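Asker: Sequence and predicted structure are below.
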Amino acid sequence: MKKSDYKIHIIGAGISGLIAAQVLENYGYHPKIIEATNTVGGRVKSDIVNDYILDHGFQVLLSEYPAAKKYLNYQALDLQKLVSGAVIFKDGKTQKIGDPFRDISLLFPTIFANIGSTKDKLKILKLNTNLKKKKLQEIFNTDEITTHQYLKNYGFSENIMNSFFKPFFSGIFLEPNLETSSRMFEFVYKMFGEGHAVIPKEGIQAISNQLKNNLQHTTFLFNTPVQQVKNNSIILNSGQEIKSHFTIIATEASNLVSNLKNQETEWKSCDTLYFEVPERTLKTPIIGLVAEASTLINNIFYTTSVKSSTKGKQELLSVTIVKEHQLKESDLVNKVTSELIKYCNIIDAKFIKRYCIKKALPKLSNLQYEISSTETQLTSSIFLAGDQLLNGSLNAAMISGERAAMGIIKTLEDGLIVDELTSEY
Ligand SMILES: Cc1cc2nc3c(=O)[nH]c(=O)nc-3n(C[C@H](O)[C@H](O)[C@H](O)COP(=O)(O)OP(=O)(O)OC[C@H]3O[C@@H](n4cnc5c(N)ncnc54)[C@H](O)[C@@H]3O)c2cc1C
C-alpha cells in the first residue's frame, strides 16, 4: 500500500491536531482532520468585531517555547512584543514593575515601586539565575508542590506574593490561588525570562491559520462532531461510520473511547470581556494587574497597544476574570465596569463581547514536559494528543501532536514502535 493510501484520521483541528497532520505529511502520509466546529484553531481562535481583533480569551505565545520555534514561522506571524513587566493597581496606586535587564525604562520604577522588599527583588534575581541554568526536563523531574507553597519556601514576602506573583500567575494559570504545580511555574517563569510574550499582528488565530496553511496533503471535514472512536472505525454524531487504519484523538478522549469513561479531564475556566474605550490609560503594551483580594478582575490588556492588522475606531481593552462566579452576563459586565472605574481609573468603557471559556486549561497533577510516541498509543490503532496529556500550553499541545504522529509513523515504518531515548527539546 502507498503511504498516501493509509486512512489516517485526526480528531480535532486544534494546535495538537494541526501539528500531528504536519508531521504525518512530512513523512509522506495524507491525513484527514475531523473537526466539530467550522474552523481550525480549537482554543486558539480570534474574531473580528467592529474592526477589532478579539482573541478567544487573552493569551500570548512565549517566544522561547522550543516546539513553537520548531513549527512556527515567527517572522511571517509578525509577532508583537509585550513589555516584560506589569502595571499593578493596588490600594489606589498604580505602579510599574519589570525586568530592568531587558527593558531599561523599568529600572527606576522597579527600584522605587513599593511592591516587595529589596530582599524580594534580590530573590527574584536569584530565581532568574537558577531557572536559566535549570534544563526543561529537570524542571519536570523535580517533585511538584503548589506554586503558592513553592514561592513561600523561596522566602518571598506576603507583600510581593499578593501584589505581584498571585495576580500575575493567576492570570496565566487561570486560577486565583496558585494551586497549579510548581513545575508549571518554573517552566513558564523560565520561558518569560528567556524570551518574550508575543501576539501575532493578526491576533492569536494567526498561529492556527499558519499551521493550517502549511498543510498540503491534509483534508478537512468541518462541522463534523465525532461520537465514538473504535479500533479501525470512527462513528460520527450523524451516525455515519468512517473506516480508519489509524486515528489520533487530538482532544479529550474520555467521551469518545468506551474504556476511558472514568478518566475525564477536569478543566479550569475563565471569562474574557472586551471593551471599547476612547483612550488608553497604559500607553505601552503592558499587562495591568488588579492586586486586590476582593475584585473579580484579574488582569487587563489594551490589545490595541500592539500593532494589529485591523484597527477599530477607538481602543480595545481585554479584561480577564479567573475567579469563579455565578453572575449573569449583565451583572458581570456592570461589576467589571465599576471595578475598571474604581481600581484602574478607566471610565467610558463600552462592553463589546464576552468569551466564557469553560474548558480553558486542563487541571492536572504530575505535569509532564513531553511524552514518548509509545505512550501516546491507546490501542493498536488509536493514539492520543492534546495539551491535557502534558501541561496546559501551546508548547505541550505541539509536542503531543508530534509524538502521536510519530507513534503512527513508527508503527508503520518499523513494524514496531521504538521509543526515542534522547529528547531533542
Ligand atoms: C483563555 C485561554 C488562555 C490561554 N493562554 C495561553 C497562553 O498564554 N500561553 C499558552 O501557551 N497557552 C495558553 N492557553 C492554552 C492553549 O490555548 C492550549 O494549550 C492549546 O490551544 C490546546 O490545543 P489542543 O489541540 O490540545 O486542544 P484544543 O485547542 O482544545 O483543540 C481540540 C479540538 O478538537 C475539537 N473537538 C473536540 N471534540 C470533538 C469531537 N467530538 N469531534 C470533533 N472535533 C472535536 C475541538 O472543536 C477543537 O477544535 C490558553 C487557553 C485559553 C483557553
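Answerer: On my side now, so go ahead.
Asker: The longest strand seen in the chain and the ligand, are they touching?
Answerer: Longest strand in the chain, counting residues (DSSP state E): strand 350-363. Yes. Using CB under 6 Å from any ligand atom, strand 350-363 comes into contact with the ligand via 357, 360-361. The C-beta positions use only the backbone N, C-alpha and C, and glycine is treated the same way.
Asker: Name the nearest of these relative to the ligand.
Answerer: Ala360 (3.6 Å; CB to the nearest ligand atom).
Asker: isn't the closest one right next to Glu266, touching?
Answerer: No. Using CB atoms under 8 Å, Ala360 is not in contact with Glu266, being 11.8 Å away.
Asker: Would you mind telling me which of those two has more residues around it?
Answerer: Ala360 (21 against 10; other CB atoms under 10 Å).
Asker: In the stretch 51-200 of the chain, mark out all the strands, start to finish.
Answerer: Using DSSP state E, counting those that start in this stretch, the strands assigned to the stretch 51-200 of the chain run over residues 52-55, 61-62, 79-81, 85-90, 93-98, 197-200.
Asker: Between those strands, which one is closest to the ligand.
Answerer: Nearest to the ligand, of those and by CB to the nearest ligand atom, is strand 61-62 at 6.3 Å.
Asker: Mind giving me the packing neighbours of that closest one?
Answerer: helix 182-194, strand 197-200 (3 or more CB pairs under 8 Å, 6 or more residues apart in numbering; DSSP states H and E).
Asker: following the last one, which helix or strand shows up next?
Answerer: The element immediately downstream of strand 197-200 (helix or strand, assigned by DSSP states H and E) is helix 205-214.
Asker: is the ligand contacted by that following helix?
Answerer: No. Residues of helix 205-214 are not located near the ligand by CB under 6 Å from any ligand atom, the shortest gap being 8.4 Å.
Asker: Tabulate the CA atom coordinates of that helix in CSV.
Answerer: Once non-C-alpha atoms are left out, helix 205-214 reads as follows in CSV (Å, rounded to 0.1, in the frame of the first residue of the first chain):
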residue,chain,number,x,y,z
GLN,A,205,-5.6,32.7,15.5
ALA,A,206,-2.8,33.6,13.0
ILE,A,207,-0.9,30.8,14.7
SER,A,208,-3.6,28.2,13.9
ASN,A,209,-4.0,29.7,10.4
GLN,A,210,-0.3,29.4,9.7
LEU,A,211,-0.3,25.8,10.7
LYS,A,212,-3.3,25.1,8.6
ASN,A,213,-1.8,26.9,5.5
ASN,A,214,1.4,24.9,5.8
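Asker: got the buried residues for it?
Answerer: For helix 205-214, the buried set under the neighbour-count rule, 16 or more other CB atoms under 10 Å, comprises 205-212, 214.
Asker: Helix or strand with the lowest mean pLDDT in the chain?
Answerer: helix 107-112 (a mean of 78; mean pLDDT, DSSP states H and E).
Asker: now it, how far from the chain's geometric center?
Answerer: Averaging C-alpha positions (CA atoms, centre = their mean, to the nearest Å) puts helix 107-112 30 Å from its chain's average.
Asker: now stretch 348-368
Answerer: Taking mean C-alpha positions (CA atoms, centre = their mean), stretch 348-368 and its chain are 10 Å apart.
Asker: Could you pull up the mean pLDDT of that stretch?
Answerer: Averaging pLDDT along stretch 348-368 yields 97.
Asker: Report the secondary structure element holding the nearest residue to Leu327 once chain neighbours are set aside.
Answerer: Leaving aside its sequence neighbours, Leu327 sits nearest to Lys335 (CB to CB, 6 or more residues apart in numbering; 6.6 Å). Lys335 belongs to helix 329-344 when elements are defined using DSSP H and E.
Asker: from what I can see Glu25 touches Thr219, true?
Answerer: No. At 11.3 Å, Glu25 does not count as touching Thr219 under the criterion of CB under 8 Å.
Asker: what sits in contact with each of these two?
Answerer: Pro31 (CB atoms under 8 Å, 6 or more residues apart in numbering).
Asker: Give the full set of residues in contact with the residue nearest to Asp47 when sequence neighbours are not counted.
Answerer: Residue nearest to Asp47 in three dimensions, not counting chain neighbours: Leu54, with 4.8 Å by CB to CB, 6+ apart. Neighbouring residues of Leu54 by CB under 8 Å, 6+ apart: 46-48, 203, 274, 303, 316, 318, 352-353, 355.
Asker: for those, which one is nearest the ligand?
Answerer: Looking across the contacts of Leu54 and measuring by CB to the nearest ligand atom, the closest to the ligand is Tyr355, at 7.5 Å.
Asker: which bits of the chain sit near the ligand?
Answerer: For the chain, the contact set with the ligand under CB under 6 Å from any ligand atom comprises 11-17, 34-37, 42-44, 57, 59-60, 225-226, 250-251, 270, 357, 360-361, 386-387, 392-394, 397.
Asker: quick revisit: name the residues that touch the longest strand of the chain?
Answerer: Counting by CB under 8 Å, 6+ apart, residues outside strand 350-363 touching it are 43, 47, 49-50, 52, 54, 56-57, 173-175, 252, 265-277, 316, 329, 332-333, 337, 387-388, 392.
Asker: So among the residues you listed, which ones count as buried?
Answerer: The buried subset of the contacts of strand 350-363 - by 16+ other CB under 10 Å - is 43, 52, 54, 56-57, 173-175, 252, 265, 267-277, 316, 332-333, 337, 387-388, 392.
Asker: coming back round to it: buried among the residues of the chain next to the ligand? Make that a PyMOL selection.
Answerer: The following PyMOL line selects those of the residues of the chain next to the ligand that are buried, judged by 16+ other CB under 10 Å:
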select buried, resi 11+12+13+14+15+16+17+34+35+36+42+43+44+57+59+60+226+250+251+270+357+360+361+386+387+392+393+394+397
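Asker: taking the residues of the chain next to the ligand one by one, which sit in strands?
Answerer: Short answer: the residues of the chain next to the ligand in strands (DSSP E) are 11, 34, 226, 270, 357, 360-361.
Asker: Which members of those residues define the maximum pairwise distance?
Answerer: Greatest spatial distance among those (CB to CB): Ile34 and Cys270, at 27.4 Å.
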